[in-house]
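Trainee: let's see this in three dimensions:
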Amino acid sequence: MSDAQLQISVQITPNPNSLQFCVNREIIRAGSFNFEDSQSAQASPVAAALFALGSVSGVLIGRDFVTVTKKSDLDWPAIAASISEVLNQRLLPGEKIVEESLSSKTESGMSETELQIRRVIDEEIRPAVARDGGDIVFDSYEAGVVRLRLQGACSSCPSSIMTLKMGIENRLKQVIPEIREVVSV
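Mentor: Reported below is the predicted structural model:
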């Protein structure tokens, strides 16, 4: 992680209740961490500080961005500056972003089909979805059905079902013909 001056740019997402705060350096090495409430946010000083503002209903921390979902009854102009202020204070070099104990599902014990699904999601789909302030994480695969967890801006985006069915499902079926359906959990 660089010691360069932190720069934050704000990008809109397809979800009107979520904004993506992009930073000019890596804040986590890989994957993402999703916090859906203040309780889960205790595992991240960044997410906990954002929830403490009282205007936040979700936080997704990615490699070089933080997507913040606001409470639906609030307007962005009233809260965006305070969110940026928290990020400027909490994303400094040396600051803890998430607890080390947080980890994603390991690949041990996964079938070859599950590993192939994860490779397509991680290499092709997640980078595209991250550009819109969200993330998609593999949950499970059973009897031809892939279960994915939509996070960040994707979790409540009006176009998420279209993305899931028309984009992700079609791509996975091209690579793994035995897939019958992709669903959100």
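
Trainee: taking the centroid of this protein, which residue is nearest it?
Mentor: Nearest to the geometric centre of the chain sits D135, at 3.7 Å (CA atoms, centre = their mean).

Trainee: from what I can see that one touches L148, true?
Mentor: No. Contact criterion CB atoms under 8 Å: D135 and L148 do not qualify, at 10.0 Å. Quick note: C-beta positions are derived from backbone N, CA and C, even for glycine.

Trainee: tell me where the model's unsure across this structure.
Mentor: When residues are selected by pLDDT under 70, those of the chain lie in 1-4, 101-108, 156-158.

Trainee: the domain parsing of it - what is it?
Mentor: Domain assignment for the chain, taken from automatic domain parsing, gives 8-90, 112-184.

Trainee: how much space between L115 and E142?
Mentor: To E142, L115 is 15 Å away according to CB to CB, to the nearest Å.

Trainee: neighbour count for the two, which is higher?
Mentor: The neighbour comparison of L115 against E142 (other CB atoms under 10 Å) goes to L115, with 12 against 8.

Trainee: are we agreed that the more buried one is in a strand?
Mentor: No. Under the criterion used here (DSSP: H, G, I helix; E, B strand; the rest coil), L115 is helix, not part of a strand.

Trainee: tell me how far L164 lies from V183.
Mentor: In this view, L164 and V183 are 8 Å apart by CB to CB.

Trainee: same deal with R90?
Mentor: Counting by CB to CB, the gap from R90 to V183 is 35 Å.

Trainee: higher neighbour count, those two?
Mentor: Higher neighbour count among R90 and V183: R90, with 19 against 12, using other CB under 10 Å.

Trainee: once you drop chain neighbours, what's closest to that one?
Mentor: Once flanking residues are discounted, R90 sits nearest to V46: 4.5 Å by CB to CB, 6 or more residues apart in numbering.

Trainee: measure how buried that neighbour is and give me the count.
Mentor: Neighbour tally, V46, other CB under 10 Å: 24.

Trainee: contact partners for it?
Mentor: By CB atoms under 8 Å, 6 or more residues apart in numbering, the contact set of V46 is 59, 61, 66, 86-87, 90-91, 95, 97-98.

Trainee: and with 10 Å instead?
Mentor: 27-28, 33, 35, 59, 61, 66, 86-87, 89-91, 95-98 (CB atoms under 10 Å, 6 or more residues apart in numbering).

Trainee: out of the residues you listed, which sit inside helices?
Mentor: Under the assignment DSSP state H, those contribute 86-87, 89-90 to helices.
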